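*Asks:* this one's structure only:
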């Protein structure tokens, strides 16, 4: 599979970090589970596309391997990691715990302005009814969950969630189009926003946790392309 969407990087101080961030961002937007074909990272091709030598690309790939995002296979090269169904379910369970705690913390730590911005960004008013306008087929859905994490104002939760988010992003992109998950997800998001506005810590935590665990149940029951 060829990788697109890469732009050359300027030669500057901190180039290693910029190459790493560019590759990490690229992989984050790949449809990892959209095909059974392995996604190979070609150091030479990536270096040419980024306008750098192979050395910083190789170092970036090594760093991504330490994070469990990339796997180096002897005599074959580096490939983007595809998690098994069991591993994905474990990731969703941990994500449910982190995001639900973030929601609980957000009810006391997020400012009124921040919560108002959440509603402004992810819902639109139609008369007296608030309807989510989240495009579940785009990055907007992912941004909603990232925002919940940020509203907790916890650097530790941010760091831990970031390590899980690559795989959560990929599996959400694949499963949100299955069956009736879009409509249910939109409703869930709207209720979560309401709980945060009401500063209801218990309800916000429960809604976010249930929303994530529903994804796990959906994967367990219907997703067979991970096995």
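*Replies:* Received the coordinates, thanks. None of these values were measured; they are calculated from a predicted model.

*Asks:* Contact partners for the residue nearest the centre of the chain?
*Replies:* Closest to where the C-alpha atoms of the chain average out (Cα atoms, centre = their mean) is residue 169, at 3.2 Å. Contacts for residue 169 (Cβ atoms under 8 Å, 6 or more residues apart in numbering) come out as 28, 142. No exception for glycine: its C-beta is placed from N, CA and C like everyone else's.

*Asks:* Please work out the average pLDDT along the helix or strand hosting it.
*Replies:* Using DSSP states H and E, residue 169 maps to helix 155-175. Confidence for helix 155-175, expressed as mean pLDDT, is 80.

*Asks:* where's it relative to the chain centroid, distance-wise?
*Replies:* Its chain's average C-alpha position is 4 Å from that of helix 155-175, according to Cα atoms, centre = their mean, to the nearest Å.

*Asks:* what about stretch 192-205, start to end distance?
*Replies:* 9 Å (Cα to Cα, to the nearest Å).

*Asks:* List the buried residues of that stretch.
*Replies:* Within stretch 192-205, the residues scored as buried using 16 or more other Cβ atoms under 10 Å are 192, 193, 194, 195, 196, 197, 200, 201, 203, 204, 205.

*Asks:* what comes into contact with that stretch?
*Replies:* Contact with stretch 192-205 is made by 100-101, 103-104, 106-108, 110, 115, 118-119, 122-123, 130, 148, 151, 207-208, 211, as judged by Cβ under 8 Å, 6+ apart.

*Asks:* related to what we said a few turns ago, restricted to helices, list the buried residues of stretch 192-205.
*Replies:* Among the buried residues of stretch 192-205, the ones falling in helices (DSSP state H) are 192, 193, 194, 195, 196, 197, 201, 203, 204, 205.

*Asks:* Could you dump the residues you listed into a markdown table and include distance to residue 64?
*Replies:* Shown next, in a markdown table, are these (distance: Cβ to Cβ, whole Å):
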| residue | distance to residue 64 |
| --- | --- |
| 192 | 32 |
| 193 | 34 |
| 194 | 38 |
| 195 | 36 |
| 196 | 34 |
| 197 | 38 |
| 201 | 36 |
| 203 | 38 |
| 204 | 33 |
| 205 | 32 |
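
*Asks:* between these, which is closest to residue 77?
*Replies:* Top of the list for closeness to residue 77, among those and by Cβ to Cβ, is residue 192 at 41.6 Å.

*Asks:* Let me see the confidence value for the closest one.
*Replies:* Residue 192 is assigned 96 on the pLDDT scale.

*Asks:* What's the mean pLDDT across whichever strand or helix holds residue 101?
*Replies:* Per DSSP H and E, residue 101 falls inside helix 85-109. For helix 85-109, the mean pLDDT works out to 94.

*Asks:* Just the helices from the chain, written as ranges.
*Replies:* Using DSSP H, helices in the chain cover 15-28, 43-50, 54-66, 85-109, 112-122, 139-151, 155-175, 181-197, 201-222.

*Asks:* Just put the ones you listed in JSON lines and tack on distance to residue 73.
*Replies:* What follows is those, written out as JSON lines (distance: least, Cβ to Cβ, whole Å):
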{"stretch": "helix 15-28", "distance to residue 73": "16"}
{"stretch": "helix 43-50", "distance to residue 73": "14"}
{"stretch": "helix 54-66", "distance to residue 73": "11"}
{"stretch": "helix 85-109", "distance to residue 73": "18"}
{"stretch": "helix 112-122", "distance to residue 73": "40"}
{"stretch": "helix 139-151", "distance to residue 73": "29"}
{"stretch": "helix 155-175", "distance to residue 73": "19"}
{"stretch": "helix 181-197", "distance to residue 73": "34"}
{"stretch": "helix 201-222", "distance to residue 73": "26"}
